[in-house]
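In: Got a predicted structure plus its sequence, pasted below:
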Amino acid sequence: MSSAPAPSARLRDLSPTQWKSGLAAWLGWLFDGLDMHLYTLVATPMVAALLSVKASDPIVGKKGALIQAAFLVGWALGGAFFGRLGDVLGRSRALSLTILTYAGCTGLSYFAEEWWHLLIFRFLAALGIGGEWAVGASLLSETWPKSWRPWIAATLQTAVNLGVVMACFFGWVLESQPPRMIFLVGILPALLVLWIRHAVPEPEEWHAARKSPSGPAPGVMDLFRGEVAGVTWRVLLICAVSLTAHWTFMFWQQSHVRNLPEVVGLSAAEKNRYATTALFLVMVGSVVGNFVAGGLAKLFGYRHAIAGMLAAYAVAMAATYWTQPTWSVLRYGLVIIGLCQGVFGLFTMCLPPMFPVLLRTTGAGFCYNFGRIISAAGVVFFGMMNTVGDVRAALFYAGLLFWPAALIAMLLPEEKAETAA
């Protein structure tokens, strides 16, 4: 369903336009990762401060989970909304709008005075983050060589990981400051928009499709008609199940670290340091995992690589949370779990080409991000176990969801990752 740019064997063969589109997408994803995880770093102390209760109060976990659920729902809706704008207005224009949205609304979180203020601001920020994924992925799939896609996917996903590492850095720097201070860091990506609008043109493939006399441009409902419908439903299933398990881990592992026996009695700043270190370890593993996933895709194709990585994620979660780990053991488990997260990098280049050009950001954005609505319910559901203080059990049972996700992944249509440049 997709055409590809002329093959290039070496980096020096790439055109200035390809370099600019690649840099724009990479930086967009970098700041995506930064703004995405600023909240998870300070969720417990921030929500406790807004509610004027102790961090150990069960209400903190409940409200914190609702805020994260709203974020995931906003991510899903943003993927569909901005994905559609990407097909109608163009990739570069839509990319600029997504970055302005998540940067501005993350900064607004600093001014939250009630827990539901923070919920609204995180929801609005997520609209931009969800849209940026689909638009950036489509921009690269239409401008860079097809044979490079597994490595492009790994590089893009690494940008997200490095963005999270940036969030960890600012978490360390601001660990003794009021939790709300960290949200001001999220305004930085807005500066990127000035360069994108000046330097990054729309892909030729998009211009050609817009000028095609083949009939009116397809709409959202065309995702559920004809041959495209089968692709849509399969992608929706795999994304919904896998992202439910993944985001349950990403949110609740922070609470688990803060409540480890050797951590729970420490000061607020020391707890922040442990929580930030835990997220950093996950990201270190994930950066390596992105390229492991890319290599597997080159060898076995996207479908088998995704299924295998999801199964490995299930095993890693079970091994880590079968019993209560000590910090010295947990930190190794977090690196391995992070490595398995490389699977989501494959979705970056695998999903957009499954859809026609004028449904590309709509289809990829809707299907991948709709899974976050389901995952939002999962974060709240598994968070109910936190009321009895057993976050470890919530993480263990969430990890079991990766098994059906791996089976569903075998239903994905296959597009072989070419080896010839």
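Out: All right, it came through fine.
In: tell me which element His246 falls in.
Out: Using DSSP states H and E, His246 falls within helix 226-258.
In: now do Lys63
Out: Going by DSSP H and E, Lys63 is part of helix 58-88.
In: so what's Phe280 up against?
Out: Phe280 makes contacts with Val165, Cys168, as judged by C-beta atoms under 8 Å, 6 or more residues apart in numbering. Heads up, the C-betas are built off the backbone N, CA and C, glycines and all.
In: Assign it to helix, strand or coil.
Out: Classification of Phe280 by DSSP: H, G, I helix; E, B strand; the rest coil places it in helix.
In: Please tell me how far it sits from Gly78.
Out: Distance, Phe280 to Gly78, by C-beta to C-beta, to the nearest Å: 27 Å.
In: cool, and Val53?
Out: 31 Å.
In: So for these two, which sits in the more crowded spot?
Out: Neighbours were tallied for Val53 and for Gly78 using other C-beta atoms under 10 Å; the higher tally belongs to Gly78 (28 against 14).
In: Was I right to think the more buried one contacts Gly130?
Out: Yes. When contacts are counted by C-beta atoms under 8 Å, Gly78 is listed as touching Gly130 (3.3 Å).
In: which intervals of the stretch 1-150 of the chain have sub-threshold pLDDT?
Out: Along the stretch 1-150 of the chain, segments meeting pLDDT under 70 span 1-11.
In: try 80
Out: 1-14, 76, 79-80, 83-84, 87, 133-134, 136-142, 144-149 (pLDDT under 80).
In: that older thread, just the mean pLDDT for the helix holding His246, thanks.
Out: Taken as a whole, helix 226-258 has a mean pLDDT of 88.
In: Specify the angle between that helix and helix 58-88 in degrees.
Out: 150 degrees (axes from the mean of the first three to the mean of the last three C-alpha atoms, to 10 degrees).
In: in helix 226-258, what's buried?
Out: Using 16 or more other C-beta atoms under 10 Å as the test for burial, helix 226-258 gives 228, 231-232, 234-258.
In: for stretch 309-319, same thing?
Out: Met309, Leu310, Ala311, Ala312, Tyr313, Ala314, Ala316, Met317, Ala318, Ala319.
In: Let me know how buried the residue nearest to Cys350 when sequence neighbours are not counted is, in neighbour terms.
Out: Excluding its sequence neighbours, the residue lying closest to Cys350 (C-beta to C-beta, 6 or more residues apart in numbering) is Tyr302, at 4.5 Å. As a burial measure, Tyr302 scores 27 neighbours (other C-beta under 10 Å).
In: Likewise for Pro16?
Out: Using other C-beta under 10 Å: Pro16 sits among 9 other residues.
In: from the chain's centre, how far out does the host helix or strand of Val135 sit?
Out: If you go by DSSP H and E, Val135 is part of helix 115-141. With C-alpha atoms, centre = their mean, to the nearest Å as the basis, helix 115-141 stands 10 Å off its chain's centre.
In: repeat for stretch 284-292
Out: On C-alpha atoms, centre = their mean, the centre of stretch 284-292 falls 14 Å from the chain's centre.
In: CA atoms only for that stretch, dumped as PDB, please.
Out: The C-alpha coordinates for stretch 284-292 follow below in PDB (Å, rounded to 0.1, in the frame of the first residue of the first chain):
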ATOM      1  CA  VAL A 284      19.100   2.200  29.100                       C
ATOM      2  CA  GLY A 285      17.700  -1.200  28.400                       C
ATOM      3  CA  SER A 286      15.200   0.200  25.900                       C
ATOM      4  CA  VAL A 287      17.800   1.900  23.800                       C
ATOM      5  CA  VAL A 288      19.600  -1.400  23.300                       C
ATOM      6  CA  GLY A 289      16.300  -3.100  22.800                       C
ATOM      7  CA  ASN A 290      15.400  -0.800  19.900                       C
ATOM      8  CA  PHE A 291      18.300  -2.000  17.800                       C
ATOM      9  CA  VAL A 292      17.800  -5.700  18.900                       C
END
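In: tell me the average confidence for it?
Out: The model assigns stretch 284-292 a mean pLDDT of 95.
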